[in-house]
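Trainee: Okay, structure incoming, though there's no sequence with it:
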């Protein structure tokens, strides 16, 4: 791109956003150009930090007029490189972090209207201050933004009861690829007046426009949350326990996480202060959470009843119900330290997959066997949101092999795992999106009809192809 | 259209579907050419009754090749003329009624895979036989089809807890406008591998393709359902009761319906066998329903506790909790007979609107006043799904005016009501869709940006404009 073209672009941006919000210095830009996992580094003509939807519109309009690619970015905590520019195209990163206002809380409508750059934790806290629950919860909640959550349709630990980010959203404000503002900020539970544009932008990872604000659903704050751990013989037994828990607890069941013995021994090895609550190892442990609008005692009584049923049915080997809020926290800590213990253990080959819940046990058996066959001694570190059919199916090297060498098998192992996912009618990206990481691989599994429709929609809404190129599609 | 063109089309259809499923005789066609409310009557070159997705694809392909408009039709119970062909274009009605197989029930995954022509009640019954609940419930459930429910994103009485049809669907099979089959029949709770095509087809009223099958969510069957009626002074008090009920009952609250005194007196006048349960008239009555995974007694205890809170807060004037399944049924009967009593009373001007829940009382006050000003003596018959912000806001003539004459004011009254809805950031079609009825009106309220995006998507997926022309967009 020639200098005068660039100058005219920067002049437009500086006039619209203010000098200090147009970053061109390499050191200033650096934090925006590498993704959280440090897998991808890109380049940008400028990093823009608009402060309002109008400024986002002006910035996108300037990019559009100058044919510059637009890479929207939230908290930059994505796991697939979706918010990192590519090196092969003149790009502009638009950071939404300064759009961080809570525009409205409406407790009676059970909604909150927030700008895209609001940090997830701030959203949770604001809801709580109004006696409400915003249920989306995930590891990066201290730094990810709701705009990023929406653009990747983030999942997390409360999907079982409350759904993905998609299900928590009622309305959006979006800056279109041409730099216009679409006001779709509806706070309605029912609206059937045309095509569902909202859900098209959700999960599109910024390839169709930039989400600048959203109306999100709130829920009554439960009076109590109680967790329990149940030891089971295998994933099939865990599924039987899920069915019993759903029958007994209904919508009170807000968490159902599976952890294999290998996961938990990794955790207790690297974090010896975290106590394993059973007197002997069990092949699989399930964490269950109940949220109760009555009382802690009521939640515990439900737990007692459902565990009794599970024991009688021979589904559960051992179980312990948390006796305090602290113990509930401790149980969650075991679960949440698995990814951290994996980091301490060394690099591994990760998969974020989903299959129909009824096929999980079969998926694990089949895929474990295929990997053992191809890579004898490989160690599966499998855990995840069993209640959603979503597993983090991670593969570590045999005990005597270096983690770095083993990573060389990534492509072969991804192929085994994802082919098996596909055979089980599953998804190769359950909650992390596609970004740059899985864009190519996705084409292997999507039908031609589906890819053609995706391309037609992309072409229709972003005919110049400037929105986050090289991602998703 | 000339005879040889028509002959070649019909020959293709007869070869693909069988002679008896290609209806060209006027008497055979008649039931498919008029809508349920008998507002619209159209014409068709042929009515096709394919028996499988492949036959639907063949039929659409033939229409595409012959540039004939395609009008998909389910149970033909729609309220906006969305499934009735227009007279000004050579059209083919494709009835989905023969696609009526339940393809799979997966209790462990809590899903059911059904073809588009399965009657809603059959779906509910099949779920129940497997110990599961399919929660979608609406007046036409004995004859409407799930394909039609999906295409109009139907609402009904269980949206408060379970969402609209959209929220109950995990995956779709669709025949595209070019006659290809898209297999998106995923039974996954988490899947982030590209644009959300599913939600684009849901609610598109057949203007982007034909839904031929769907994976729908199931829920555990509650052990008990108990209803109660609460008398309140005004809609504002009803909202206060809603907040208390949500706080106390959480996800157990599965119904919250508002009925004005005028609605109930209409019902008891025309259906004297239905008993009004209070000793004196109250301005508004709320029907509440709790679904309980424990027991009937537990549900009643929750009702007692929440009504006590509501009495103490001065929110409720009187309340009665059903003491038997029959009494619960009786309470629902009062609610369900309002539309029937309205038919007996004479024609009225109907609106299916939604506003943010927090603005309902203000909406009713403001709009009632505007209508009184313009049409003194007009009687509002307002009831609906208060918990969803969805009202059936119907206007009847003054006592001394003929219903038929009063209908002449439809346009003026629609304008008052819908302008008011728009001012309250609401929706002019909450759960019935647009069809032919509200297509023009919708343009008054949608922004240019939104209409342009809708048109771009329509053009991208249906470049020949053959799918259900004259509807939605």
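Mentor: Here it is on my side, so go on. Quick caveat, the model's predicted, so the values are computed rather than measured.
Trainee: what number of residues lie near the nearest residue to residue A:359 once chain neighbours are set aside?
Mentor: Nearest residue to residue A:359, sequence neighbours excluded (CB to CB, 6 or more residues apart in numbering or on different chains): residue A:424, at 4.9 Å. Where C-beta positions appear, they are placed from N, C-alpha and C, glycine not excepted. Neighbour count for residue A:424, taken as other CB atoms under 10 Å in any protein chain shown: 20.
Trainee: Residue A:424 reaches residue A:357, doesn't it?
Mentor: No - in this structure residue A:424 lies outside contact range of residue A:357 using CB atoms under 8 Å: 11.1 Å.
Trainee: contact partners of the strand or helix carrying residue A:240?
Mentor: Secondary structure assignment for residue A:240, by DSSP states H and E: helix A:235-249. Outside of helix A:235-249, the residues within contact range by CB atoms under 8 Å, 6 or more residues apart in numbering or on different chains are A:230, A:232, A:253, A:256, A:258, A:284, A:286, A:288, A:290, A:302, A:305-306, A:309-310, A:313, A:315-316, A:357-358, A:360-361, A:364, A:386-387, B:107-108, B:110, B:220, B:293.
Trainee: Now do the following helix or strand past it against helix A:235-249, angle only.
Mentor: With elements assigned by DSSP H and E, the helix or strand that comes after helix A:235-249 is strand A:253-260. Calculated by axes from the mean of the first three to the mean of the last three CA atoms, to 10 degrees, strand A:253-260 forms an angle of 170 degrees with helix A:235-249.
Trainee: chain center to the helix or strand following strand A:253-260, what's the gap?
Mentor: Per DSSP H and E, the first helix or strand lying C-terminal to strand A:253-260 is helix A:261-270. The chain centre lies 24 Å from the centre of helix A:261-270; the measure is CA atoms, centre = their mean, to the nearest Å.
Trainee: sorry, back to before: filter the contacts of helix A:235-249 down to the ones in helices?
Mentor: Using DSSP state H, the members of those that fall in helices are A:302, A:305, A:306, A:309, A:310, A:360, A:361, A:364.
Trainee: If we only consider those, which is nearest to residue B:262?
Mentor: Residue B:262 has its nearest neighbour among the ones in helices among the contacts of helix A:235-249 in residue A:302, at 42.7 Å by CB to CB.
Trainee: wait, that closest one sits on residue A:289?
Mentor: No - counting by CB under 8 Å, residue A:289 is not a contact partner of residue A:302; they are 11.6 Å apart.
Trainee: who has more neighbours, these two?
Mentor: Using other CB under 10 Å, the more surrounded residue of residue A:302 and residue A:289 is residue A:289, with 26 against 23.
Trainee: Quick check: the more buried one vs residue A:335, distance?
Mentor: Residue A:289 sits at a distance of 10 Å from residue A:335 (criterion: CB to CB, to the nearest Å).
Trainee: Walk me through the domains of chain A.
Mentor: A:102-220, A:224-339, A:346-432 (automatic domain parsing).
Trainee: could these go into JSON lines alongside distance to residue B:93 and mean pLDDT?
Mentor: As requested, the domains of chain A are arranged in JSON lines below (distance: least, CB to CB, whole Å; pLDDT from 0 to 100):
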{"stretch": "domain A:102-220", "distance to residue B:93": "22", "mean pLDDT": "97"}
{"stretch": "domain A:224-339", "distance to residue B:93": "41", "mean pLDDT": "96"}
{"stretch": "domain A:346-432", "distance to residue B:93": "33", "mean pLDDT": "96"}
